[in-house]
Every structure is written in structure tokens, then in C-alpha cells.
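Asks: what follows is a predicted protein model with its sequence.
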Amino acid sequence: MPGFLAKWQTGDTHLRAPLQIRQYEEIADRVAAERHERVLDWGCGYGQITALLTARGVNVASYEWREDAPPTSAEVKMEAYPEFTVSVSSDPVKLPYPDDAFDAALSVGVLEHVQDPDGSLAELARVLKPGGRLYVFNLPNRTSWTERLARRIGAYYHGQLPFDQVYTQRSARERLQRHGYTVTDERMTGMLPQSVPVPIPPRAVGPLWRLNQFLARIPGLNRIATAVELTGHRPAS
């Protein structure tokens, strides 16, 4: 997909931080490796994950909540990636898809911002096929050192916006389980502030990313990691 690659190389993807780019690529690789027939990019934002998954041959439907959108839904072109369309709606919970429509759904930095997380998790379960997967990435850790630092220096932190929530590994797991998901692959991720656009030499990105993930998996130390990551499976019946 030359258009997308050109945008990525020039930085015109609304991702400015090398570690964040590396993370998004790994998310796309992981989901694509599962060979799901159809995937929902829930809360797709600018569309980076949609573009990465499509480039890997994944059939993706993109959805985004917008306050100024119609309450039903409308298909519009993505501003950052006009080759893709996104379903937009002003309904904070309801999704414009039939029951059992997807093999998997992704929440990449989304669940912590929604108005009704329990309603949204139930709605995602509705559109997932029996046994379908919900991948949750970038769920902010309540005891993260980066959240504490952001508060002190006046930078954005989770809790600053009206519906923001922060989680622990346990509270994230329990919230999914309340809606019937079987939770697997749960872990703490990231010790470094991945979204800060600091210049990193290309040859250093890989080693720094591996160190970032290694530190987040050390028991005790990972209590202050940046995020919780987990996978929930909708019951098969």
C-alpha cells in the first residue's frame, strides 16, 4: 500500500513517537497472525490501526464516535486515510452492526474514554461471534508512574477528560468478566512514555522497545507500568 507507506515514512500518520509506531506495528502483526475473517477497529481515531491491518490483508470495519455525527450512523471517508471509510455515530454505545458480525474487535486506547464502559462491553459482545475475541490495548494503569508525572507537570493524564477511567490489571479483568468474557493473555505493558515524540535513532528503536516491554514484566516493578493489556473471549454459546 504505497500511499500508506509514504505517509508513515514522512510522519503524516498522527503518530509521532518511534516507540508508539513500533507498538502499533506489533499490534497489527499480532492480530493479523490470528487470521480473523473480519475485525472491528472500535474507536479507530485517525485510522492508523485500520491502515496497518489492511496492509496485512485483514478485512477491517472501522467505527468512530463523534459528537456531531447522526445518532444512527453514516459512512464517511477518513480524513487521514481517504482510501478508507469509517462508520461514525453520536450514539455513545450502540454499534451499527448486526449480531455476531465480527471474529475480533480492537480497543486501542479507547475503553478508558467511553461514556458507558459496561454498556460498550456488552455491545461489543453482541457484535462478536461466539468465541470471538476482544483485544484491549493501552488501557491506562492506575498506578503508572507516567500518569503521576503527567499530573505533576501539568501534562494530559487520564482522568482529565469527563469520562476518563484508569484501571488495574484486576479491575480490567473483572470488568470484562462481568460481561461474560473469558479473559486471557493479560499483562502489564510499557515502562517508558511511548507517545512522547522524542527523536530516537532507527537502529535504537528495536532494543529500546524490547527493554520497555521487559521492564514492564518484572514482578513488582510492573506495578508502575504504563498500561494494562488483555484479551477477552466471548462465550462460545
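Replies: Thanks, I have it.

Asks: mind checking which helix or strand Ala105 is in?
Replies: According to DSSP states H and E, Ala105 maps onto strand 102-108.

Asks: ok, Arg210 next?
Replies: Here Arg210, judged by DSSP H and E, is contained in helix 202-215.

Asks: Glu123 contacts Leu95, correct?
Replies: Yes: taking contacts as CB atoms under 8 Å, Glu123 lies within contact range of Leu95: 5.4 Å. Glycine gets a C-beta too; all of them are placed from N, C-alpha and C.

Asks: what are the buried residues along the longest strand anywhere in the chain?
Replies: Ordering each strand of the chain by length in residues (DSSP state E) puts strand 128-140 first. Residues Leu128, Lys129, Gly132, Arg133, Leu134, Tyr135, Val136, Phe137, Asn138, Leu139, Pro140 are the ones in strand 128-140 that count as buried (16 or more other CB atoms under 10 Å).

Asks: for the helix holding Arg210, name the packing helices and strands.
Replies: Judged by 3 or more CB pairs under 8 Å, 6 or more residues apart in numbering; DSSP states H and E, the packing partners of helix 202-215 are helix 18-33.

Asks: check which element follows the helix it packs on along the chain.
Replies: That would be, after helix 18-33 and using DSSP H and E, strand 39-42.

Asks: now the helices for the chain?
Replies: Taking DSSP state H, the helices of the chain run over residues 2-10, 18-33, 48-55, 117-127, 145-153, 169-177, 202-215.

Asks: in contact with the nearest residue to Glu229 once chain neighbours are set aside, which residues are there?
Replies: Counting by CB to CB, 6 or more residues apart in numbering, Thr189 is the residue found nearest to Glu229 once chain neighbours are left out, at 4.7 Å. In this structure, Thr189 makes contact with Phe137, Gln213, Ala216, Ala225, Thr226, Ala227, Val228, Glu229, judged by CB atoms under 8 Å, 6 or more residues apart in numbering.

Asks: at 6 Å what do you get?
Replies: Ala216, Ala227, Glu229 (CB atoms under 6 Å, 6 or more residues apart in numbering).

Asks: which two of the buried residues of strand 128-140 lie the greatest distance from each other?
Replies: Pairwise distances across those (CB to CB) peak at 28.7 Å, for the pair Lys129 and Pro140.

Asks: and the closest residue to Gly232 other than its chain neighbours, its phi and psi?
Replies: Spatial nearest neighbour of Gly232, excluding adjacent residues (CB to CB, 6+ apart): Tyr181 at 3.2 Å. Phi and psi for Tyr181, reported as degrees, to the nearest 10, are phi -80, psi 140.

Asks: sounds good, over and out.
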